[in-house]
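> here is a sequence together with a model predicted from it:
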Amino acid sequence: MKDDRKQFWLGVRDLLPLGSGVLPFGLIVGATGGSLGMSPEMVLGMSALFFAGSAQLAAYSLIQDNAPFVIIVATAIVVNLRFAIYSATFAPLLGPLPKRYRFTLAYMLSDQTYGLCSMPAQMQKTTPERIWYLAGVTLALYVTWLISVTLGIVLGAGIPAHWSLEFTIPLAFLAMLITTITSRLLFMVAVISGCCAIAFQLLPFNSGFIVAVAAGVLGGLLLPSWLKRKGSHE
Amino acid sequence: MSDNLQLWLLFVAVGLGTFLIRLSFIQFHGSAESLIARSKHILMLLPPAILAALCIPAIVFTRPLTDYQPDYYQWAAALVAILVARFSRSVFWPVVGGMICLWLLRYFTG
């Protein structure tokens, strides 16, 4: 039991270097939230409830556009669909736990938890050791995230409106987009989706976003076979 | 969509939905592994589609959306962000680079 607890603090320690990546992102989320006119406790509450930075930025830009409730919820959930992969990854580990631990740890699953806890070195540990390690990483990240957002709110409050701080939102998405494009197919998906987003931005209720995402994914599914068929004709 | 109560409802709804996604496979441990195997391809295509749809219109045109003025300074800032993103894998430095470019362009042209 004592050794298992040690794994908790090992998890906390391993998370700390990742804080250098989390901190700036939290700063952006905190500062832009304030620049949209939300009160500090709203931005903090939102961060605690979402615990997902990119979904929060997506919600910001839609709130700014006065998008309807349902569209914002749908968009944030589509952005968070990747968590299903993490959920599947840790299902054998967390599934058998009692409800209160299962729910708490599931609530705080994140990209960083996935990165640290699915590494090959972790697989050699016993199951209790892995759970304690995951709990350490996860809790440390949750605290780091809220501290970063708070700092962002405080620092962002001093930045004047004509600096257009809200433009950091699309820039942050653009930076994420560049890192996700790892193949020519994914590049084509981004081009299709981006063009459709511009073409359909006048659709009512901001539904153009959902249409663009669907078009991009559909293109990604159909393009490979279409190109193959075209290639075989030549 | 700016009424505070409505915003809190929105936060709770998204928080709950996100929690359910995170819980999904953990809760149904042992009965849904084949579903994720089948949907993995779509899940891989989603991030670039979502991110492009989120950022491209907001970069090409000025906000609020009703104006629909193309903003060339924003285009330049985006180009700088893309260049920085190719060297640094973090989100922070491309944003800093793009914003500095935008501020400089606006400063020198009044």
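Great, that's in hand. Numbering: from 1, shown residues only, chains lettered A, B, ... in the order given.
> name the helix or strand of chain B that has the lowest mean pLDDT.
For chain B, scoring each helix and strand by mean pLDDT, DSSP states H and E identifies helix B:33-60 as the least confident one, at a mean of 81.
> can you spell out the domain ranges of chain A, please?
By the record's domain assignment, chain A is partitioned as A:2-163, A:181-233 (automatic domain parsing).
> can you verify my assumption that B:Val14 contacts A:Ala74?
No. With contacts counted by Cβ atoms under 8 Å, B:Val14 stays clear of A:Ala74, the gap being 9.7 Å. Bear in mind the C-beta positions are built from the backbone N, C-alpha and C, glycine included.
> the two: who's more crowded?
When B:Val14 is set against A:Ala74 and neighbours are counted by other Cβ atoms under 10 Å in any protein chain shown, the residue ahead is B:Val14, at 26 against 19.
> phi, psi for that one please.
Here is the backbone geometry of B:Val14 (degrees, to the nearest 10): phi -70, psi -40.
> low-scoring stretches of chain A, by residue?
In the predicted model of chain A, residues A:1-2, A:205-206, A:231-234 satisfy pLDDT under 70.
> please repeat the previous calculation with a cut-off of 80.
Under the criterion of pLDDT under 80, the regions of chain A flagged as low confidence span A:1-3, A:17-21, A:82, A:85, A:115, A:118-123, A:158-166, A:202-207, A:229-234.
> and the lengthiest helix in it, what does it pack against?
When secondary structure is assigned using DSSP state H, the longest helix within chain A turns out to be helix A:127-156. Where contact means 3 or more Cβ pairs under 8 Å, 6 or more residues apart in numbering or on different chains; DSSP states H and E, helix A:127-156 is packed against helix A:2-15, helix A:19-35, helix A:40-50, helix A:83-94, helix A:99-107, helix A:111-117.
> any chance of the ones you listed in CSV, plus distance to B:His41 and mean neighbour count?
Compiled in CSV, those are given as follows (distance: least, Cβ to Cβ, whole Å; neighbours: other Cβ atoms under 10 Å in any protein chain shown):
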stretch, distance to B:His41, mean neighbour count
helix A:2-15, 31, 16
helix A:19-35, 28, 22
helix A:40-50, 27, 19
helix A:83-94, 12, 21
helix A:99-107, 25, 16
helix A:111-117, 19, 20
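> count of neighbours near A:Thr182?
A:Thr182 has 10 nearby residues by other Cβ under 10 Å.
> next, give phi and psi for it.
Main-chain torsions, A:Thr182, degrees, to the nearest 10: phi -110, psi 0.
> picking up where we left off before, distance to A:Phe200 for the helices and strands packed on helix A:127-156 - can I get that in a markdown table?
As requested, the helices and strands packed on helix A:127-156 are exported to a markdown table (distance: least, Cβ to Cβ, whole Å):
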| stretch | distance to A:Phe200 |
| --- | --- |
| helix A:2-15 | 40 |
| helix A:19-35 | 25 |
| helix A:40-50 | 26 |
| helix A:83-94 | 26 |
| helix A:99-107 | 34 |
| helix A:111-117 | 29 |
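> TSV for those, including distance to chain B?
TSV is the format used below for those (distance: least, Cβ to the nearest Cβ, whole Å):
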stretch	distance to chain B
helix A:2-15	16
helix A:19-35	3
helix A:40-50	3
helix A:83-94	4
helix A:99-107	4
helix A:111-117	10
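> out of those helices, which gets nearest to B:Gly98?
Of all the helices and strands packed on helix A:127-156, helix A:19-35 sits nearest to B:Gly98, with 11.8 Å by Cβ to Cβ.
> out of the domains of chain A, flag the one nearest B:Trp8.
Counting by Cβ to Cβ, B:Trp8 lies closest to domain A:2-163 out of the domains of chain A; the figure is 7.2 Å.
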